[in-house]
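Undergrad: Next comes the sequence, and after it the predicted model I'd like to discuss.
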Amino acid sequence: MANRGPSYGLSREVQQKIDRQYDPELEQILVRWILGQCGGDVAQPAPGRDGFQQWLKDGTVLCRLINSLHPRGQGPVAKIQASTMAFKQMEQISQFLQAAERYGIAATDIFQTVDLWEGKNMACVQRTLMNLGSLAVAKGDGLFVGDPNWFPKKSQENRRVFSEDKLKEGQSVIGLQMGTNRGASQAGMTGYGMPRQIL
């Protein structure tokens, strides 16, 4: 967590709530997928949240991951280099994030660079990687390595084509959402302003 001291009060409660969202089982699935997807280029991380964060912090693993989801030689991150300088590490993380967005992940599903680099919101990092895995499985281009059951299946378009006769037939049907007037009557209604008669 960079050079920050402990947080207190509401800040601490918020950070604890964010930390509780982190899933150790999901971490194991993601580590297995990343190691399989990247091949022998990537070393095994230390177990636990901090080990996972340190493993991904410099951005090299993430850049290798996004490059492995593209055909050889067409990876979106051209230069991957390990560096101890903070701004170089953060630059590589942001290159991964831009490449992930171009790959098809929605901007709202992508973590911020500081979420990973400072370890502020590792659960958000996990969600981004889960979305990336789901998208890689859904693309079905043969570049995904691993078990497709590790990731939730993305919904796919199921376009239906109806004939003109069927469409016209549907216009004459009154759906139950519109309500019904069966049994409706004004029996027992009194004029406005008159008191209700109770006998």
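TA: Cool, the structure landed.
Undergrad: Where does pLDDT dip in this structure?
TA: Residue ranges of the chain with pLDDT under 70: 1-6, 174-197, 199.
Undergrad: could you pull out the strands for it?
TA: For the chain, applying DSSP state E gives no strands.
Undergrad: Excluding chain neighbours, give the residue nearest to Q44 in space.
TA: Distance criterion C-beta to C-beta, 6 or more residues apart in numbering; nearest residue to Q44, sequence neighbours excluded, is L35 at 6.7 Å. (Each C-beta comes from the backbone N, C-alpha and C, glycine too.)
Undergrad: let me fix that: N121
TA: For N121, the spatially nearest residue (C-beta to C-beta, 6+ apart) is D115, at 4.0 Å.
Undergrad: burial of W150, as a residue count?
TA: Look at W150: counted by other C-beta atoms under 10 Å, it has 16 neighbours.
Undergrad: Next, the contact list for it, please.
TA: For W150, the contact set (C-beta atoms under 8 Å, 6 or more residues apart in numbering) comprises I29, R32, W33, G133.
Undergrad: since we're on the second one, how many residues are nearby?
TA: Going back to what we said before, that points to R32. R32 has 13 nearby residues by other C-beta under 10 Å.
Undergrad: Same check on the first one?
TA: As a burial measure, I29 scores 19 neighbours (other C-beta under 10 Å).
Undergrad: Next up, the contacts around it.
TA: With C-beta under 8 Å, 6+ apart, I29 has these contacts: W150.
Undergrad: could you measure it against C63, distance?
TA: 21 Å (C-beta to C-beta, to the nearest Å).
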